[in-house]
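>>> Coordinates for the following, if possible.
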Amino acid sequence: MRTLISTAFVSLDGVVDSPGGEEGYRNAGWTFKEVEFLPEAFEIKGREQEEAAAMLLGRVSYQAFSPVWPDMADFARYNAMPKYVVSTTLTDADLVSNWGDTTILRSLDEVAALKETEGGPIIVHGSAALNHALSDAGLIDRYHLLVFPLLLGAGKRLFSSTDKDTQKLKLVEHEAYANGLQKQVFDVVR
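Predicted structure coming up:
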């Protein structure tokens, strides 16, 4: 079974909305506007590219990333790996042609079936609504979180507000950095 990893930049109060400056959110760009950049705090991002074998995205994140990431040298490994987009509305005609193999999945059942295939870890970037659905369905195996020392208030959250049974996590890696960022890697306890 493949490991499904959710990776996120998250504020201390759980907001994941527009960390890179996407339009429409009042605090957009909070990851680079509000906290001093320390390269060592982002080591995990390079490691994720080396370890992941595929990328899973929701429709909104796919539509935000696909016009930009294919031309970014920093994402060369991501650009080459297979991508899966969970969407009930996208068609093959909506997919960009310069971002490698991309497959549309129509349901969480199809995500669960993908996890049963051979291959390495599948990484989920952005995709707040997809993260909610995956977590609520028990499909996420690991969280890679870079927690920023910010309280953003309103905005899309990493976790849903669904009333559900407790889900236990095991901290497997952590580090705090001089700029206040914290790396937290959790495995989901089954």
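>>> ok, for L150, nearest residue in space, not its chain neighbours?
Once its chain neighbours are removed from consideration, L150 has its nearest residue in S11; the separation is 4.6 Å (C-beta to C-beta, 6 or more residues apart in numbering). Every residue, glycine included, has its C-beta placed from N, CA and C.
>>> so what's that neighbour bridging to?
As for beta bridges, S11 partners with F148 under DSSP bridges.
>>> L151 is in contact with that one, correct?
Yes: here S11 reaches L151: they are 6.4 Å apart, a contact under C-beta atoms under 8 Å.
>>> The two: which is more packed in?
S11 (23 against 10; other C-beta atoms under 10 Å).
>>> for F75, phi and psi?
phi -110, psi 30 (degrees, to the nearest 10).
>>> Look up how far D163 lies from the nearest residue in space to it that is not next to it in sequence.
Closest residue to F75 in three dimensions, ignoring its sequence neighbours and counting by C-beta to C-beta, 6+ apart: W69, at 4.9 Å. When C-beta to C-beta, to the nearest Å is applied, the distance between W69 and D163 equals 36 Å.
>>> So these two - more neighbours on which side?
When W69 is set against D163 and neighbours are counted by other C-beta under 10 Å, the residue ahead is W69, at 19 against 5.
>>> okay, that one: pLDDT?
The predicted local distance difference test score for W69 is 93.
>>> got a list of what it touches?
W69 makes contact with 75, 78-79, 99 under the criterion C-beta atoms under 8 Å, 6 or more residues apart in numbering.
>>> ok, so what distance separates the residue nearest to F75 from Y62?
Between W69 and Y62 the computed distance is 10 Å (C-beta to C-beta).
>>> next one: Q167
26 Å.
>>> These two: who's more crowded?
Looking at Q167 and Y62 with other C-beta under 10 Å, you find the greater number of neighbours at Y62, namely 29 against 13.
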